[in-house]
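S.K.: Structure here, sequence nowhere to be found:
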């Protein structure tokens, strides 16, 4: 296979966190340029994927009102992004699942195409986005673990990892054949953790 048809990819928007750093608010429902952040992510993913799921654990009716299927964590207690991925994979009816967070409203229009090309070329289990960040004149690679494209067949492997108490995304990725995909625009992967960051990105 040389390419993945976007209809064979289910998009999963991760909106299942507590929003602790934003003052216990539901991040995906915070307004950004006149729309909830999750709607910006939906609009950017719709042309890139077939079906779209939203993983959420609160305000379910609000998310359902966006016209897409909402899936809650199978593990209680806000267990983190891997629990969201597990829920998404368990509802995924396509061979591939693409994950993106609800708090990155500027994600790239070619995110899926580039991750898919790399996944196929490397015959990998999972492709993940990475950028180069410069801080105080020093450049370093920044991997963005929740911007990923994976084979849906990874569900049993992930479930076993979670059952054994694993919660860290990096630790699960270390057990897989992962390819990192370089993106130039680090701004597109900005995730918003505080209300101040939200206002700054808006302006």
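M.R.: Cool, the structure landed. These numbers were taken from a predicted model, which means no experiment stands behind them. Numbers count the residues shown, from 1 in each chain.

S.K.: After the longest strand along the chain, which helix or strand is next? Please name it.
M.R.: For the chain, the strand that runs over the most residues, judged by DSSP state E, is strand 138-151. Sequence order places helix 155-163 as the next helix or strand after strand 138-151, per DSSP states H and E.

S.K.: Direction-wise, compare that next one with strand 138-151 and give the angle.
M.R.: 120 degrees (axes from the mean of the first three to the mean of the last three CA atoms, to 10 degrees).

S.K.: Measure how far the helix or strand just after helix 155-163 is from the centre of its chain, please.
M.R.: Later in the chain than helix 155-163, the nearest helix or strand by DSSP H and E is helix 169-173. Distance of helix 169-173 from the chain centroid (CA atoms, centre = their mean, to the nearest Å) equals 14 Å.

S.K.: same check, this time on stretch 26-37
M.R.: Distance, centroid of stretch 26-37 to centroid of chain: 16 Å (CA atoms, centre = their mean).

S.K.: Buried residues, it. List them.
M.R.: Residues of stretch 26-37 classed as buried: 26, 27, 28, 29, 30, 32, 36, 37 (neighbour count, 16 or more other CB atoms under 10 Å). C-beta coordinates here come from the backbone N, C-alpha and C atoms, glycine included.

S.K.: for stretch 45-55, same thing?
M.R.: 45, 48, 49, 50, 52, 53, 54, 55.

S.K.: Output those residues as a markdown table; include the columns distance to residue 108, secondary structure and pLDDT.
M.R.: Putting the buried residues of stretch 45-55 into a markdown table (distance: CB to CB, whole Å; DSSP: H, G, I helix; E, B strand; the rest coil; pLDDT from 0 to 100) gives the following:
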| residue | distance to residue 108 | secondary structure | pLDDT |
| --- | --- | --- | --- |
| 45 | 11 | helix | 98 |
| 48 | 9 | helix | 98 |
| 49 | 13 | coil | 98 |
| 50 | 18 | coil | 97 |
| 52 | 16 | strand | 98 |
| 53 | 20 | strand | 98 |
| 54 | 20 | strand | 98 |
| 55 | 21 | strand | 97 |
